[in-house]
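> Need coordinates for the below:
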Amino acid sequence: MLLMKKFLSALCLAAGLLLFMAPLQAKSEDDAKPLAYVLEVKGVVSPAMHDLIGRHLRYAKEKNAAIVVLQMHTPGGLYNSMQEIIQDILESPVPVATYVAPAGSHAASAGTYILYASHIAAMAPGTNIGAATPVQMNDGGGQPQQGPQKQGDVPQQGSAMDQKMVNDASAYIRGLAEMRGRNAEWAERAVRSAESLTASEALSKKVIDIIADDLPSLMDKMDGKIVKMPEGKTHTLKTRGAVIEFVAPDWRHKLLEVITHPNVALLLMSIGFYGLVYEFANPGALLPGIAGAICLLLGLFALNILPINYAGLALIFIGLALMAGEALTPSFGIMGIGGAIAFFAGSMMLIESDTPDYGVDILVAGSITFVSVAFLSVLLALVLKAQRRPKTTGTEELFTSVGEILSWSQGRGEVRVTGEIWRAISDGDAILQKGDKVDILSLDGLTLTVKEHKE
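All right, here's what the predicted structure looks like:
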């Protein structure tokens, strides 16, 4: 019996140890597997996206990730932000794979450049890339020249500035293609002719390296590929069976994405400016001053990381100053109208963007200008009305007021005017008596000269 108890005790102890060690063993096995750091990249390529990718490339290095996957869906965006993202990818100590997914996604314009710069370029079925022509080529850069001009059998149209921009973009993407061993000729056509490809076409033309249905499939297909790292080093990817850590954009990215949109930045700056003006005009209000300072700082922070035209920014500040000046020292509309014109023109010039949807919307700029002008019009109407209104303070008030005789004898007596009692004399031989209404003609010291009031 004693032996049986010892056996059962040993069995229970062994079972407990196994249950305790099982999670540790599973964790150890997971730690032994490579880590794939997957970052969701959606929307316009902007300073907020650059901040997101740059931060997570550093986090991936700290976690010793085997690969960083940018799961991308973008219509394009700012050229400057795209270049900064590409620079981060080229300098990254962790290999970067750009994966256009899920089905229905695309990597247009700036997204095509980022895909070309990545160590691994991959797409899911049902996706597309391309259309990397700078927008200004067809947007206000002058009329196309009659008849295409050829350079390397690729037609070029547009003004000299358009061609200069397209030539620069073509050379940039060709350099990325040569660095990664991808199709440089198609890359140039994507810039010059806005060509696009489906996933299967991109693979057949050697634009991308892999077509993968999902992330586990992508990990298996990337395994064993040799990529070129900074300083000319090569690295063999080991991603088969990798532990996938999916990272969604955090609150910081969402906040930056909102406040760095040109429309929001302009609105914040306008609200902030008027809030501070109101606080200076009415010291002690506090709320307009505090809210205005916060909005102004957020707006200036956004403009600091956006590609802005400083002439446009100067016009905006001049416009705001003139409209605020109209509110504080009315000039019968001259400063207000001039300020509105300067503000609207500056708003339209403010952002230097390759993407037409990533600039100050004409409706937003027009709405802010309209509200400012409407406010100034109401203010001007009140000022004009106030100037026509009879005086209500000082001695001037007496001459527009009607008095009442309290006592009267031999051409003189006492009169109540505006709640005060004054000595008064008559201006002639008119017979006045107690209770009569009189008008004030003049003031001599503390004595009023009055006459009979006629309705």
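> just for the stretch 51-200 of the chain, where's the confidence low?
Low-confidence segments of the stretch 51-200 of the chain (pLDDT under 70): 135-159, 161.
> try 80
Along the stretch 51-200 of the chain, segments meeting pLDDT under 80 span 134-162.
> Please, where are all the helices along it?
For the stretch 51-200 of the chain, the helices defined by DSSP state H, counting those that start in this stretch occupy 79-91, 110-117, 160-180, 184-192, 199-204.
> What is the shortest one packed up against?
What it means is helix 199-204. strand 120-123, strand 210-211 (3 or more C-beta pairs under 8 Å, 6 or more residues apart in numbering; DSSP states H and E). C-betas here are computed from N, CA, C, even on glycine.
> Could you list the buried residues of it?
By 16 or more other C-beta atoms under 10 Å, the buried positions in helix 199-204 come out as 199, 201, 202, 203.
> picking that back up, most neighbours per residue, which of the helices and strands packed on helix 199-204?
Comparing the helices and strands packed on helix 199-204 by mean neighbour count (mean count of other C-beta atoms under 10 Å), strand 120-123 ranks first with a mean of 27.
> Which pLDDT value does the model give the most centrally placed residue in the chain?
Closest to where the C-alpha atoms of the chain average out (C-alpha atoms, centre = their mean) is residue 261, at 1.9 Å. Note on residue 261: pLDDT of 85.
> With the one 10 residues further on instead?
Here the pLDDT value assigned to residue 271 is 88.
> ok, now the one 5 residues further on?
Listed pLDDT for residue 276 reads 83.
> how near is the residue nearest to it when sequence neighbours are not counted to residue 326?
Leaving aside its chain neighbours, residue 276 sits nearest to residue 292 (4.3 Å; criterion: C-beta to C-beta, 6 or more residues apart in numbering). Computed as C-beta to C-beta, to the nearest Å, the residue 292 to residue 326 distance reads 18 Å.
> Ok, residue 346 next?
The value you get for residue 346 to residue 326, if C-beta to C-beta is used, is 17 Å.
> tell me which residues form a beta bridge with residue 234?
residue 228 (DSSP bridges).
> what's near enough to touch it?
Contacts for residue 234 (C-beta atoms under 8 Å, 6 or more residues apart in numbering) come out as 226, 227, 228.
> so what's the backbone phi/psi at residue 224?
When read as degrees, to the nearest 10, the backbone of residue 224 gives phi 90, psi -10.
> Same check on the one 5 residues further on?
Backbone torsions for residue 229, taken as degrees, to the nearest 10, come to phi -100, psi 170.
> ok, for it, nearest residue in space, not its chain neighbours?
Nearest non-adjacent residue to residue 229, counting by C-beta to C-beta, 6+ apart: residue 235, 5.0 Å away.
> returning to what we had before: where neighbours are concerned, which of the contacts of residue 234 has the most?
residue 227 (19 neighbours; other C-beta atoms under 10 Å).
> Phi and psi next, for the residue nearest to that one when sequence neighbours are not counted.
With C-beta to C-beta, 6+ apart as the criterion, residue 227 has its nearest non-adjacent residue at 4.0 Å, and that residue is residue 119. Main-chain torsions, residue 119, degrees, to the nearest 10: phi -70, psi -40.
> Contact partners for residue 119?
Per C-beta under 8 Å, 6+ apart, neighbours of residue 119: 89, 95, 96, 97, 180, 227, 228, 229.
> quick one: it from residue 199, how far?
Noted for residue 119: a distance of 19 Å to residue 199, by C-beta to C-beta.
> Tell me which helix or strand residue 238 sits in.
Residue 238 belongs to no helix or strand when elements are defined using DSSP states H and E.
> Let me know the pLDDT of it.
pLDDT recorded at residue 238 is 93.
> In this structure it contacts residue 34, no?
Yes - judged on C-beta atoms under 8 Å, residue 238 makes contact with residue 34 at a distance of 5.4 Å.
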